[in-house]
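Asker: need coordinates for the following:
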Amino acid sequence: MGKYSNDKDVDTLVRELLDEGWTPTKRKRHWQVVSPSGTKLTVPVTPSDGRAFMNFRGDVKRLKQGEKL
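Answerer: Below you'll find the model as predicted:
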């Protein structure tokens, strides 16, 4: 499949999640990844914030620990 984000770190993390069993879903303009438990997380496709990767990685970490977003 193509790129999930223009940010290489975000794209790499999404690919790792897909290898772990997460499912990609294409919305109108953005991708979403759905965790095995069914929680949806929007992927920052064209992040303009320098902290976008860190925020996305933190959201993923919280979901893996079982916290609600």
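
Asker: mind listing what Val14 touches?
Answerer: Neighbour list for Val14: 4-5, 24, 31, 33, 43 [criterion: CB atoms under 8 Å, 6 or more residues apart in numbering]. C-beta here means a position set from N, CA and C on the backbone, and glycine is covered the same way.

Asker: again, but for Asp49
Answerer: Per CB under 8 Å, 6+ apart, neighbours of Asp49: Asn55.

Asker: and of the contacts of Val14, the nearest to Gly50?
Answerer: Distance to Gly50 across these (CB to CB) is lowest for Ser5, with 14.3 Å.

Asker: picking up where we left off before, would you list the buried entries among the contacts of Val14?
Answerer: Buried members of the contacts of Val14, scored by 16 or more other CB atoms under 10 Å, are 4-5, 31, 33, 43.

Asker: mind checking which of those land in helices?
Answerer: Among these, no member falls in helices (DSSP state H).

Asker: which two from those residues end up farthest apart in space?
Answerer: Greatest spacing in those, by CB to CB: Ser5 and Val33 (10.8 Å).

Asker: which neighbours do these two share?
Answerer: Common contacts of Ser5 and Val33, defined by CB under 8 Å, 6+ apart, comprise 14, 43.

Asker: the residue minimising distance to the centre of the chain - nearest residue in space that isn't next to it in sequence?
Answerer: Central residue check for the chain by CA atoms, centre = their mean: the C-alpha nearest the mean position is that of Val43, 4.3 Å away. What sits nearest to Val43 in space, not counting adjacent residues and going by CB to CB, 6 or more residues apart in numbering, is Trp31, at 4.3 Å.
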